[in-house]
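Participant: Quick one, fold the following:
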Amino acid sequence: MLFEIIFVFIIFSLYVQFSDSMGSIWIRKDYNNQNIFCFNNLFILIFKPFTEWYFWSYNFLLINFWVYLIVFLIIMNSIRFNIMLNNKIS
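Facilitator: Residues are numbered from 1 along each chain as shown. I've put the predicted structure just below:
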């Protein structure tokens, strides 16, 4: 379970950093035009759905970490269940 959460965190972090729609969340340019690492912005974005209701709307689902996590866990549990069921039948 921990591996899955870490995996989703990495995928989400990369998506929001490098996507055209969001971008530059945890690597930004400072006033000297040099890249700086702002990891706290990523955590602010991850926990924003608990304070702002609009993050649960259709337009914001791609930047909602919790949607990624829930969908990924459902898929993984379905795969595990099917594997377990197929092993039991065989």
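
Participant: Residue 44 and residue 73: what is the separation?
Facilitator: If you measure residue 44 against residue 73 using C-beta to C-beta, to the nearest Å, the figure is 23 Å. Any C-beta I mention is one placed from the backbone N, CA and C, and that applies to glycine too.

Participant: quick one: which of these two has more around it?
Facilitator: Each of residue 44 and residue 73 had its neighbours counted (other C-beta atoms under 10 Å), and the higher figure belongs to residue 73 (14 against 11).

Participant: for this structure, which residue is closest to the average position?
Facilitator: Note on the chain: the residue nearest the mean C-alpha position is residue 12, at 3.1 Å, using C-alpha atoms, centre = their mean.

Participant: Quick check: buried residues in the biggest helix by length in the chain?
Facilitator: Among the elements of the chain assigned as helix by DSSP state H, the one spanning the most residues is helix 65-89. Going by neighbour count (16 or more other C-beta atoms under 10 Å), the buried part of helix 65-89 is 65, 66, 67, 68, 69, 72.

Participant: Then stretch 16-35?
Facilitator: Neighbour count says stretch 16-35 has 16, 17, 25, 26 buried, by 16+ other C-beta under 10 Å.

Participant: Would you mind checking the average pLDDT for that stretch?
Facilitator: Stretch 16-35 shows an average pLDDT of 88 in the prediction.
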